[in-house]
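> Build the 3D model from these lines:
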Amino acid sequence: MKKEAYQQMERYMLSRMEDSAHDREHVYRVLYNALEIAKSETAPDYDVLITACLLHDIGRKEQFANPSLCHAMVGGEKAYKYLTEHGFDRDFSEKVRHCIQTHRFRSGIQPESIEAKILFDADKLDVTGALGIARTLMYKGNVVEPIYTKLPDGSISDGTQDTAPSFFHEYKFKLEKLYDKFYTAAGARLAQERRQIAAAFYESLYREVNAGYTSGREMLRKWMQENASDGRRI
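Numbers count the residues shown, from 1 in each chain. Purely as a prediction, here's the structure:
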């Protein structure tokens, strides 16, 4: 790939990235993760891989505006259209489209090419460890979703039984389960190096929140009982 072609695609990517949790720096981290993973694979097509990494989240704007859309599917079509209109052949553009449309954890479409598998793993690496926790919390704030929800008895849910979105729900249903979902050995190894950091953060946060509610609610109940008959409004 010529430098000019890379720079042209980079400018297009930069014009599309507005989500703070999926910003340009996320794209660069995914690209750098992919290059690290690719070192352990046999003859990946770097032109396809780099292009797919640069453009993998260009459909985020559409999904953010309409959550029923899948940014991977939208992004794959946009990338294919962009590439074919800018002189890239259809075979190359189709390979990039496949990478992008199979990179999403929830898409249900499996990556088949080594480039698609590397992109999938590189993108998932950015949701592991401390960085994954930070990005998830940032995203939850952007879409105005809470850190946790409460159970019917008023206690804090750890996320395992939740149906409503929250950080604890996201951790239990996605982040905690990522580590056995990698396609490449290098991706799996890098993810395992980060796993305990994320688990320790979640466990500490749940313990702190739950302890505060447990003791705080009991203290409030006792105070209200003690002051229930003194004529003051509560």
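> mind showing which ranges of this protein have poor pLDDT?
Counting by pLDDT under 70, the chain shows low-confidence ranges at 19-21, 106-107, 229-234.
> how does it divide into domains?
The chain breaks down by automatic domain parsing into domains covering 1-120, 127-234.
> Those into a markdown table, with extra columns for mean neighbour count?
To be clear about C-beta, it is placed using only N, CA and C from the backbone, and glycine gets the same treatment. As requested, the domains of the chain are arranged in a markdown table below (neighbours: other C-beta atoms under 10 Å):
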| stretch | mean neighbour count |
| --- | --- |
| domain 1-120 | 18 |
| domain 127-234 | 14 |
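> For this structure, just list every one of the helices.
Under the criterion DSSP state H, the chain contains helices at 3-16, 24-38, 46-55, 60-65, 71-85, 90-101, 114-125, 129-142, 167-173, 185-226.
> I'd like these as TSV, with distance to residue 161 appended.
Shown next, in TSV, are the helices of the chain (distance: least, C-beta to C-beta, whole Å):
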stretch	distance to residue 161
helix 3-16	37
helix 24-38	30
helix 46-55	37
helix 60-65	27
helix 71-85	28
helix 90-101	32
helix 114-125	25
helix 129-142	18
helix 167-173	9
helix 185-226	14
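> for these, which one sits closest to residue 153?
Each of these has some distance to residue 153 by C-beta to C-beta; the shortest is helix 185-226, at 10.4 Å.
> chain center to the closest one, what's the gap?
Between the mean C-alpha location of helix 185-226 and the chain-wide mean there is a distance of 20 Å, by C-alpha atoms, centre = their mean, to the nearest Å.
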